[in-house]
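Q: sequence and predicted structure, then a few things I'm wondering about:
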Amino acid sequence: MIKCSNRSDIPTFLALEGMRKAQELEAAGHDIIHLEIGQPSTAAPEAVTQALVASVADTGTHGYSLPLGVPALRDAIAQHYQSQYGYNTDRRALAVTVGSSTAFALAFLTAFDVGDKVALPTPGYPAYRNLMLALGIEPVALPARAEEGWMPALEEMEKWDELPAGLIIASPHNPTGVVLSEAELKEICDWCHKHKVRLISDEIYHGLAYDKPTQTAALYNEDAIIISGFSKYYSMTGWRLGWMVMPCDLRGTIENLLANLFISSPTMNQLGAVAAFSATEELDAHVARYRENRDILLYGLHPAFLGNHAPCDGAFYLYADVSALTDDSLSFAKALIEEEGVAVTSGVDFDPEKGHHFVRLSFAGKTADMREAVRRINRFTERLLSPQQKSA
Ligand SMILES: Cc1ncc(COP(=O)(O)O)c(C=O)c1O
């Protein structure tokens, strides 16, 4: 047998695996409602598409860009930080990446060594943990449970044998939809500064907060690595464009690694993305739809399915507590797609320990799909209810 690496043998990304299965069923003629994956059903903003078409017509733009990205895009991102958050930055601090996903690889490789521990609020986005495992970094679960308002328990880390080298936060959060207040964000930033813990702030869901404003951690912690991108609010998942606001001490190593790993992000897509920051009206209409979608699920789904669900104040996820119906959310999700054609993701993706009691529903799709999903999920739930639950 020829050798394969052990470190690449990481857990499956269940949400994407679910998308693959759902697409297979669809190709075989089944009518599937996609609530399994966090991706808008809408296209990129019209202005972005037009800018892309213009760059395709200009054959001078078909080559690599500078590793850190097209200067016009980095300037537009800097301008966005000024107008959105009142944070002054410039293109020297900004790297454009192939989706925010590759920004995590760059952050982990430049900030941590093999064997370092990094704290991950749990439940949380599975790729952080899986990527760390592949890189020899040790992810350490930091509980963020319903009983604590789904907030990461910072004090827990002070009880550990050693403090972690890093902490990752995301606000708005996937899968819980928790949005940190400015005071809560500042408290985390200050804690990391005080304890010399490198903060990585995943801000990919900024723009998708329904009642509270979102603020960038860049304002409160100059050592933090800020990661964001065009996939979610900007409705551009397939364009594979993200960015980092790099702290001073990592700029050189990030640029060097980025050049060696990717050379550059797709140049024409970057030229299209410059127009994204002026598409606010079109994009805010999507946010209004997500809010309506969320409310359709929250008010329409059977209480036994929703359980003690997470807040849904931001992002586009409902993390439902299905413990009244199952102890095995993997089989539950499988039965739901097979019996009713509704694809959801098991909570095990986000929390290997307690996720068996949860499923995540993405409400980034069409409003009509949400209404139909409620009908089908409620039918499914009714079949699982015990006589006592029915009479309660
Ligand atoms: C919390 C979080 N961070 C990062 C990403 C990666 O997004 P992308 O690589 O498309 O920018 C996702 C995608 O679902 C996510 O949920």
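A: Thanks, I have it.
Q: please state the offset of the worst-scoring helix or strand of the chain on mean pLDDT from the chain centre?
A: Considering only helices and strands, the least confidently modelled element of the chain by mean pLDDT, DSSP states H and E is helix 387-391, at a mean of 83. The gap between the average C-alpha position of helix 387-391 and the chain average comes to 37 Å, counting by C-alpha atoms, centre = their mean, to the nearest Å.
Q: need the residues that contact it.
A: Contacts to helix 387-391, defined as C-beta atoms under 8 Å, 6 or more residues apart in numbering, come from residues A304, A324, E382. For every residue, glycine as well, the C-beta is placed using N, CA and C.
Q: mind giving me the PyMOL command for buried ones among the residues you listed?
A: A single PyMOL command selects the buried members of the contacts of helix 387-391 (16 or more other C-beta atoms under 10 Å):
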select buried, resi 304+324
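Q: which of the contacts of helix 387-391 fall in helices?
A: In this view, the contacts of helix 387-391 that belong to helices under DSSP state H are A304, E382.
Q: strands of the stretch 151-300 of the chain, start to end?
A: According to DSSP state E, counting those that start in this stretch, the stretch 151-300 of the chain carries its strands in the segments 166-170, 198-202, 225-229, 242-245.
Q: what mean pLDDT would you report for the first one?
A: Pointing back at strand 166-170 there. Rounded to a whole number, the mean pLDDT of strand 166-170 is 98.
Q: do that strand and the ligand meet?
A: Yes. On the criterion C-beta under 6 Å from any ligand atom, strand 166-170 is in touch with the ligand at A170.
Q: in CSV, could you pull the C-alpha coordinates for that strand?
A: Taking only C-alpha atoms (Å, rounded to 0.1, in the frame of the first residue of the first chain), the coordinates of strand 166-170 have been written out as CSV:
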residue,chain,number,x,y,z
GLY,A,166,-6.1,31.4,19.9
LEU,A,167,-9.8,31.9,20.0
ILE,A,168,-12.2,32.0,17.1
ILE,A,169,-15.5,33.8,17.3
ALA,A,170,-18.2,34.5,14.7
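Q: the stretch 51-200 of the chain: helices as residue ranges?
A: All helices of the stretch 51-200 of the chain, identified by DSSP state H, counting those that start in this stretch, fall at 71-85, 99-111, 126-135, 154-159, 182-194.
Q: just put these in a markdown table and tack on distance to E255, mean neighbour count and mean pLDDT.
A: Supplementary listing: the helices of the stretch 51-200 of the chain in a markdown table, determined by distance: least, C-beta to C-beta, whole Å; neighbours: other C-beta atoms under 10 Å; pLDDT from 0 to 100:
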| stretch | distance to E255 | mean neighbour count | mean pLDDT |
| --- | --- | --- | --- |
| helix 71-85 | 12 | 17 | 98 |
| helix 99-111 | 9 | 22 | 98 |
| helix 126-135 | 19 | 19 | 95 |
| helix 154-159 | 31 | 13 | 92 |
| helix 182-194 | 24 | 17 | 96 |
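Q: near the ligand, which residues of the stretch 1-150 of the chain?
A: For the stretch 1-150 of the chain, the residues found near the ligand under the criterion C-beta under 6 Å from any ligand atom are G38, G99, S100, S101, Y125.
Q: thought the fourth one was touching G242?
A: Right, S101. Yes. In this structure, S101 is within contact of G242 by C-beta atoms under 8 Å, at 7.1 Å.
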